[in-house]
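Undergrad: need the 3D shape of this:
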Amino acid sequence: MEMLRQPWPWYVAGAIAGLTVPALLLLGNKHFGISANLRHACAACLPSNIRFFKYDWKKEIWNFFFVAGIVIGGFLATQWLSNPGPVTVAPALLEELEGYGIRDHSKVLPTELFSFEALLTMRGLIMLVGGGFLVGFGSRYAGGCTSGHAIMGISNLQVPSMIATASFMAGGFLMANFILPFILKL
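TA: All right, here's what the predicted structure looks like:
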């Protein structure tokens, strides 16, 4: 049990993530990705005359089980595998966060950013609502999410996935280094 509580080396976790691609392809030519589940859920729950939702979503029902496994695994890990000690944050980052008024480091997500009270601030509204919208819109606009493009698409040598993943990385660098500091000062 103690082995499960410790962080795994990148080469073990990476190999496990990488082996999902050939496993899914061998198990029925399935494609890995999470964002398509929203489309499947809408097609299942909203039977309407919208062409985008008119397809046999039942062929993709395995994906619902995959996402359910992610949720259940996250719950189990939180309940029985999480580290009860305080969250360790690098001293330089603590100092930088202090400059933005972020002082609560008792949990993985600081309550100054991720709480209902924070949602009522300009900073929280931009980060939670605006960020959520951009992630949802962007994953549909790009034809998939980061996991689908970066893990499945690149392993299949799909040029659109390589372009999308490079764009995700560039956007992440820009956000973390230029836009996020501006938002955190609000």
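
Undergrad: which secondary element of the protein has the worst mean pLDDT?
TA: helix 2-5 (a mean of 80; mean pLDDT, DSSP states H and E).

Undergrad: and the residue nearest to residue 111 when sequence neighbours are not counted, what are its phi and psi?
TA: What sits nearest to residue 111 in space, not counting adjacent residues and going by Cβ to Cβ, 6 or more residues apart in numbering, is residue 104, at 4.9 Å. Glycine gets a C-beta too; all of them are placed from N, C-alpha and C. Residue 104 adopts backbone torsions of phi -90, psi 110, taken as degrees, to the nearest 10.

Undergrad: got the contact list for residue 104?
TA: Contacts for residue 104 (Cβ atoms under 8 Å, 6 or more residues apart in numbering) come out as 110-112.

Undergrad: with neighbour count, distance to residue 35 and pLDDT added, can I get those residues in JSON lines?
TA: Output for those, formatted as JSON lines (neighbours: other Cβ atoms under 10 Å; distance: Cβ to Cβ, whole Å; pLDDT from 0 to 100):
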{"residue": "110", "neighbour count": "19", "distance to residue 35": "26", "pLDDT": "89"}
{"residue": "111", "neighbour count": "15", "distance to residue 35": "28", "pLDDT": "89"}
{"residue": "112", "neighbour count": "18", "distance to residue 35": "29", "pLDDT": "91"}
